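*Asks:* I would like the atomic coordinates for the input below:
(2 chains, ligands or ions: 2)
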Amino acid sequence: MAEIVIDAVRKAFGPVVALESVSLRVADGEFLALLGPSGCGKTTLLRIIAGLETQTSGRVLIGGQDVSALPPRKRGLAMVFQNYAVFPHMTVAENVGFGLRMSGADKAHIARQVAQVAALLQIEPYLQRYPGQLSGGQRQRVAVARALAIEPAVLLMDEPLSNLDALLRLEMRAELKGVLQAAGTTTVYVTHDQTEAMGLADRIAVLHAGRIVQIDRPTDIYRNPATRFVGSFVGSPPMNFLTLPVANGHVELGSLRLASPTNAATVVMGVRGEDLEITAPGTGFPFAVRVVEPMGSHTLLTGSVTGQMIRVVAPSDSRPAPGDVLHVRPLQGHVSWMDAATGAALETKNR
Amino acid sequence: MRNTRLAPYLLIAPSLLFLAVLFLVPLVQTVALAFQADGPGGAAWSTANFARMAGDLNFADAIINTFEIVVIVVPLQLCLALGMAMMLRHVQRGRDIVLWIWSIPLGISDLAAGLVWLAILTDQGYLNTVLNWLGVVKGPQSWLSYETPIALLAAIVVAEAWRATAIVLVILVAGVQLVPKEYGEAADVFGATPWQRFTKIMLPLLKPSIQTALILRTVLAFEMFAIVLSLGGRNFPVLVSEAFTWQYANQNFGVAAAYAVVVMVISLAATLVYLLALRTPPEQR
Ligand SMILES: Nc1ncnc2c1ncn2[C@@H]1O[C@H](COP(=O)(O)OP(=O)(O)OP(=O)(O)O)[C@@H](O)[C@H]1O
Ligand SMILES: [Mg+2]
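*Replies:* Residues are numbered from 1 along each chain as shown, chains lettered A, B, ... in the order given. Ligands and ions are numbered 1, 2, ... in the order given. Take a look at the predicted model:
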């Protein structure tokens, strides 16, 4: 059992508050992605779990045991560092086998393990080389291999695939997911790539300015963002937001009349580009196309509605010209509402 | 293309010229002096100076004493400096002040250092005063005579360690600062104990600095002179003090030059050994 519990952890570097009271529970064997923009505290949180950084307050429990006072080596975990930290004076094979050597495993076992993870990460040709003779992406895979080799109960990964080309990243992502699932490894995976988080994780924790703003299954994060920030950070293109006036508990947009969950003067309507369908005039709202980007699988249209910019994901065969005015409407039940002042999602009855 | 290949050599040419004039010429002269002796028909090439040197009563002692000191002092200084550099890593505030205090002895000339330790260790010195007061010894006790060779050697080792460990420390501290802390952290995460982190990560990554420090310290230790002379006088001959004696007391420049050549050959050999033994292949940097 290697459940991770992070209990009200706060971290300040002098005057800089990197984490403000983060609480989080990662179930045994769960794959959790920590998603957030640069500088939001992802690495800091990971380093606190690993014991490389001491939290200003709060507790970290691994497998039910409070490890707050334990040094990293006694926490029984492995980590992939954001800047790899592969040892320059050891060959790739020695690097990958390092953790096992430290735990006193026998030579045959180490050799077997090294060969196995090297095959998985496609670094077999480089086993006898030194890290200085590898490319950034190869070095990064050595760092991942070193962590996988010890078959840890808890694995912490800090953007482990950031330096790979798109194809290799896709391949490694699938391999990682398969291996970690089979081994039942509790994984915390830091990334700022939202597609990676969506594809890999059982749950995603979205971190923003040192706080967890939402923690949910990938589809829920995508469909029902808890804040305007989550909606704009997760998904590509980001969610569209329209600030609309509320009158008599309703908002009016073109020929649409939608019930507003609030009686405040204005409300923010959030809708994803692919949840907008092109419709006949008189059934939606007018959308003035400005830019047309054919993407292959779809066509991305950028334009404006009541002076506010939105993006619409249209079928690949639809090719309006810039300047055209289309009529679009949101799919039933795919509209989110946010408080115009705080950006927090508002509860709606029909969801 | 041609120009850029020549440029580095042109740029180091002045320093080479400088060395050639001020170092190579005296060096050649010294070597020539060592290998010449007055024969019936004026000066002639010979190894007579070396024969005379080797035949001298003090020669064996000088060799043994010199090596004894080097073999004790250099490793001792390396260990001390490594320990100090590692401790210094964990000092957050006042780190620079600690380093500054530790390097004060560097600013003291070796003769002055020898005299400081003489004042401490002589018959009526501070050490005896304290020992008397504590009741450990009665009356003046001699530490630096030929009757107490171990105490004399210990005194020289302590004085030399006190005086010159800081140079090793400064070199190592500079090296430690170049080792990213992530390596130690990664080792920690993967189960290395503090001692393992030191031996498996820090030491290998510090190898270039250790090499520099060892070369510098060993060469200087073979040339040690003023401290030995002030503490041991003629009771503790070393190679350079013998060269000094032959040069000025005996007025025999040939034998003095022979000693100088011996010191130089030993230093060059030691440097070569360090260069080979502590080599860091470029791919491991
Ligand atoms: N040692 C430190 N001293 C002071 N401030 C720090 C320190 N380490 C991190 N910070 C600050 O804490 C905040 C969070 O940093 P962190 O490295 O956790 O970001 P991150 O989410 O990992 O970003 P990225 O995606 O760019 O890696 C940043 O504002 C950073 O400047
Ligand atoms: Mg980071």
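
*Asks:* which residues of chain A fall in helices?
*Replies:* Assigned by DSSP state H, chain A shows helices spanning A:42-50, A:92-96, A:98-102, A:107-120, A:136-149, A:166-183, A:194-200, A:218-223, A:228-233.

*Asks:* looking at these, which is closest to chain B?
*Replies:* Within the helices of chain A, the stretch nearest chain B is helix A:98-102; the backing value is 3.8 Å (CB to the nearest CB). Every C-beta, even on glycine, is put in place using the N, C-alpha and C of the backbone.

*Asks:* Please save the CA atoms from that closest one in PDB.
*Replies:* Provided in PDB are the C-alpha atoms of helix A:98-102 (Å, rounded to 0.1, in the frame of the first residue of the first chain):
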ATOM      1  CA  PHE A  98      22.200   3.000  -9.500                       C
ATOM      2  CA  GLY A  99      19.200   2.600  -7.200                       C
ATOM      3  CA  LEU A 100      19.500  -1.200  -7.200                       C
ATOM      4  CA  ARG A 101      23.200  -1.000  -6.400                       C
ATOM      5  CA  MET A 102      22.400   1.300  -3.500                       C
END
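
*Asks:* Tally up the residues packed near A:Leu180, please.
*Replies:* For A:Leu180, the count of nearby residues is 19 (other CB atoms under 10 Å in any protein chain shown).

*Asks:* Find the residue closest to it in space, skipping its chain neighbours.
*Replies:* What sits nearest to A:Leu180 in space, not counting adjacent residues and going by CB to CB, 6 or more residues apart in numbering or on different chains, is A:Thr187, at 5.4 Å.

*Asks:* quick one on the thing from earlier: just put the helices of chain A in CSV and tack on distance to ligand 1 and mean pLDDT.
*Replies:* Shown next, in CSV, are these (distance: least, CB to the nearest ligand atom, whole Å; pLDDT from 0 to 100):
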stretch, distance to ligand 1, mean pLDDT
helix A:42-50, 3, 96
helix A:92-96, 22, 97
helix A:98-102, 23, 97
helix A:107-120, 25, 96
helix A:136-149, 14, 95
helix A:166-183, 17, 91
helix A:194-200, 13, 90
helix A:218-223, 18, 93
helix A:228-233, 12, 94
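
*Asks:* Adding distance to B:Ala260, write those helices out as JSON lines.
*Replies:* Output for the helices of chain A, formatted as JSON lines (distance: least, CB to CB, whole Å):
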{"stretch": "helix A:42-50", "distance to B:Ala260": "57"}
{"stretch": "helix A:92-96", "distance to B:Ala260": "46"}
{"stretch": "helix A:98-102", "distance to B:Ala260": "49"}
{"stretch": "helix A:107-120", "distance to B:Ala260": "53"}
{"stretch": "helix A:136-149", "distance to B:Ala260": "51"}
{"stretch": "helix A:166-183", "distance to B:Ala260": "63"}
{"stretch": "helix A:194-200", "distance to B:Ala260": "69"}
{"stretch": "helix A:218-223", "distance to B:Ala260": "78"}
{"stretch": "helix A:228-233", "distance to B:Ala260": "74"}
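
*Asks:* of the ones you listed, which approaches A:Lys74 most closely?
*Replies:* Among the helices of chain A, helix A:42-50 comes nearest to A:Lys74, with 11.3 Å by CB to CB.

*Asks:* Next one: that closest one, is it in contact with chain B?
*Replies:* Yes. Using CB under 8 Å from any CB of the partner chain, we find that helix A:42-50 touches chain B at A:Ala50.

*Asks:* Tell me how far that helix lies from the chain's centre.
*Replies:* 15 Å (CA atoms, centre = their mean, to the nearest Å).

*Asks:* May I have it exported as CSV, CA atoms only?
*Replies:* Backbone C-alpha positions of helix A:42-50 (Å, rounded to 0.1, in the frame of the first residue of the first chain) are rendered in CSV as follows:
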residue,chain,number,x,y,z
LYS,A,42,4.5,21.7,-9.4
THR,A,43,8.1,21.0,-8.9
THR,A,44,8.0,22.4,-5.4
LEU,A,45,5.2,20.0,-4.4
LEU,A,46,7.0,17.0,-6.0
ARG,A,47,10.2,17.9,-4.1
ILE,A,48,8.3,18.1,-0.9
ILE,A,49,6.8,14.7,-1.4
ALA,A,50,10.3,13.4,-2.2
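
*Asks:* Show me what it is packed against.
*Replies:* strand A:4-13, strand A:16-26, strand A:31-35, strand A:57-62, strand A:77-80, strand A:154-158, strand A:186-191 (3 or more CB pairs under 8 Å, 6 or more residues apart in numbering or on different chains; DSSP states H and E).

*Asks:* Can the third one be said to contact ligand 2?
*Replies:* No. Figure legend: strand A:31-35 not in contact with ligand 2 (CB under 5 Å from the ion); closest approach 9.6 Å.

*Asks:* hmm, back to that, next, the contact list for the residue nearest to A:Leu180, please.
*Replies:* Residues near A:Thr187 by CB atoms under 8 Å, 6 or more residues apart in numbering or on different chains: A:30-32, A:154-157, A:180.

*Asks:* Which residue in those residues has the weakest pLDDT?
*Replies:* pLDDT across the contacts of A:Thr187 is lowest for A:Leu180, at 93.

*Asks:* so the residue nearest to A:Leu180 bridges to which residues?
*Replies:* Bridge pairing for A:Thr187 (DSSP bridges) gives the partners A:Phe31, A:Leu155.

*Asks:* For chain B, which residues are neighbours of chain A?
*Replies:* Within chain B, the positions near chain A by CB under 8 Å from any CB are B:180, B:182-183, B:185-193, B:196, B:201, B:204-205, B:207, B:280-285.

*Asks:* Just the buried subset of those, please.
*Replies:* In the residues of chain B next to chain A, burial by neighbour count holds for B:182-183, B:185-192, B:196, B:201, B:204-205, B:207, B:284, counting by 16 or more other CB atoms under 10 Å in any protein chain shown.

*Asks:* residue in the stretch 51-200 of chain B nearest to ligand 1?
*Replies:* For the stretch 51-200 of chain B and ligand 1, the shortest gap (CB to the nearest ligand atom) falls at B:Lys181, measuring 10.5 Å.

*Asks:* Measure how buried that residue is and give me the count.
*Replies:* So B:Lys181, with other CB under 10 Å, has 11 neighbours.

*Asks:* repeat for A:Val17
*Replies:* Other residues within reach of A:Val17, judged by other CB under 10 Å, total 15.

*Asks:* And B:Glu68, by the same measure?
*Replies:* B:Glu68: 16 neighbours (other CB under 10 Å).

*Asks:* I'd assumed it was in a helix, is it?
*Replies:* Yes. Counting by DSSP: H, G, I helix; E, B strand; the rest coil, B:Glu68 is found in a helix.

*Asks:* Just give the closest residue to it, not the sequence neighbours.
*Replies:* Take B:Glu68 and drop its neighbours on the chain: the residue closest to it by CB to CB, 6+ apart is B:Leu153, 6.6 Å away.

*Asks:* Over to the one you found. Which of the three states is it?
*Replies:* Taken by three-state DSSP, the conformation at B:Leu153 corresponds to helix.

*Asks:* ok now do it, which residues does it touch?
*Replies:* B:Leu153 touches B:65, B:68-69, B:72, B:236, counting by CB under 8 Å, 6+ apart.
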